[in-house]
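Trainee: Got a sequence here, can you build the structure:
(one chain, ligands or ions: 3)
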Amino acid sequence: MKLARTVAELKAALPREGVGFVPTMGYLHRGHLALVERARRENAFVVVSIFVNPLQFGPGEDYHRYPRDLDRDAALLEEAGVDLLFAPEVAEMYPKGFATRVQVEGPLTALWEGEVRPGHFQGVATVVARLFLLVRPERAYFGEKDYQQLLVIRKMVRDLGFPLEVVGVPTVREEDGLALSSRNVYLSPETRKKASVLYRALMAMREVALSGGSVAQALEAGERVLGEVPEFRPDYLAIVHPDTLLPLSRLVPGARGLVAGRFPEARLIDNLEVYP
Ligand SMILES: Nc1ncnc2c1ncn2[C@@H]1O[C@H](COP(=O)(O)OP(=O)(O)OP(=O)(O)O)[C@@H](O)[C@H]1O
Ligand SMILES: CC(C)(CO)[C@@H](O)C(=O)[O-]
Ligand code: BAL
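Mentor: Ligands and ions are numbered 1, 2, ... in the order given. Purely as a prediction, here's the structure:
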């Protein structure tokens with residue numbers, strides 16, 4: 001595996017075609033590796049980026065303490081058969097005077113994560129657009145764990161005509177259902193035991209929906225589960241249309257449950273198809 005720390009090194013190491021790309025913020029886990037495995041199956045050459053993107057963090061958020069371990073990540077990616085790791089410094093991605101932002105407008109970025117983290121999706125769209133132009137992949141891989149992010153990227157790619165396919169990869173979970181996330185390392189052992197509450201709330205909504213219940217009944221069931229863990233302060237629990245993310249009043253195929261909120265040590269998000 002080659003390591004590129006600069007745009008020039010990246011350009012020198014890229015093949016002309018056949019690139020599959022997995023953008024990440026590092027501190028890798030099995031969720032990231034599922035994206036890498038899928039990319040390896042479908043592409044001749046796999047590029048992974050590791051870049052903790054300051055543009056997508058708000059003022060009070062965890063940019064500075066976000067977990068970082070490039071040596072460990074590089075070893076994992078080497079073992080996973082990745083061809084090229086791009087790990088730039090901030091000044092390389094955003095040289096002095098960099099002033100451009102990419103903004104996907106509308107409910108897709110205004111709702112849910114966009115409401116709790118103003119500016120977040122502009123930061124994500126800006127860095128991903130810049131990475132796409134540098135790496136020029138044929139396919140790019142994103143986790144369904146960040147379902148809203150996946151839809152925002154799909155929309156940006158369609159609107160701007162990036163010549164690539166966006167591939168969504170199912171969420172990898174711990175045995176108790178907790179979605180793998182780099183931020184899980186923030187959790188104390190006590191909180192870790194309770195953190196599956198997001199998944200359990202989504203599953204409760206799914207059970208009600210599958211047995212003929214209404215959206216309101218499914219939401220009640222989810223809220224009841226969340227209520228059992230007072231340490232978890234929900235930002236939102238919703239059942240939404242899988243393409244628009246608008247709240248549903250009646251279930252439609254593919255309806256998606258979304259949940260996010262804070263434990264004392266960390267903010268977690270999750271989602272699940274609640275009505276196939
Ligand atoms: N459990 C998971 N299953 C599948 N994909 C995942 C999972 N966790 C993260 N990903 C995907 O990996 C890519 C990189 O994500 P990122 O580096 O932010 O990791 P993360 O674990 O989501 O970190 P964070 O704690 O910041 O949410 C994204 O496309 C993300 O959706
Ligand atoms: C897509 C991404 C790498 C952009 O910084 C990030 O939002 C992430 O890791 O999900
Ligand atoms: N995985 C999503 C990136 C973020 O929370 O900033």
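Trainee: Which secondary structure state does the residue most central in space within the chain sit in?
Mentor: With distances taken as Cα atoms, centre = their mean, residue 146 lies nearest the centre of the chain, 3.3 Å away. Using DSSP: H, G, I helix; E, B strand; the rest coil, the structure places residue 146 in helix.
Trainee: Show the contacting residues for it.
Mentor: residue 269 (Cβ atoms under 8 Å, 6 or more residues apart in numbering). (Each C-beta comes from the backbone N, C-alpha and C, glycine too.)
Trainee: what does the protein have sitting close to ligand 2?
Mentor: 23-25, 53, 56, 124, 127-128, 146, 149 (Cβ under 6 Å from any ligand atom).
Trainee: and these, which of them are in helices?
Mentor: Counting by DSSP state H, the residues of the chain next to ligand 2 place 124, 127-128, 149 in helices.
Trainee: Make a markdown table from those residues and add distance to residue 257, pLDDT and neighbour count to it.
Mentor: Formatted as a markdown table, these follow (distance: Cβ to Cβ, whole Å; pLDDT from 0 to 100; neighbours: other Cβ atoms under 10 Å):
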| residue | distance to residue 257 | pLDDT | neighbour count |
| --- | --- | --- | --- |
| 124 | 22 | 99 | 25 |
| 127 | 28 | 99 | 21 |
| 128 | 25 | 99 | 25 |
| 149 | 16 | 99 | 21 |
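Trainee: Just flag the most distant two among those.
Mentor: Largest separation among those by Cβ to Cβ: 127 and 149, giving 11.4 Å.
Trainee: how about the helices in the stretch 151-276 of the chain?
Mentor: Taking DSSP state H, counting those that start in this stretch, the helices of the stretch 151-276 of the chain run over residues 189-194, 197-210, 215-227.
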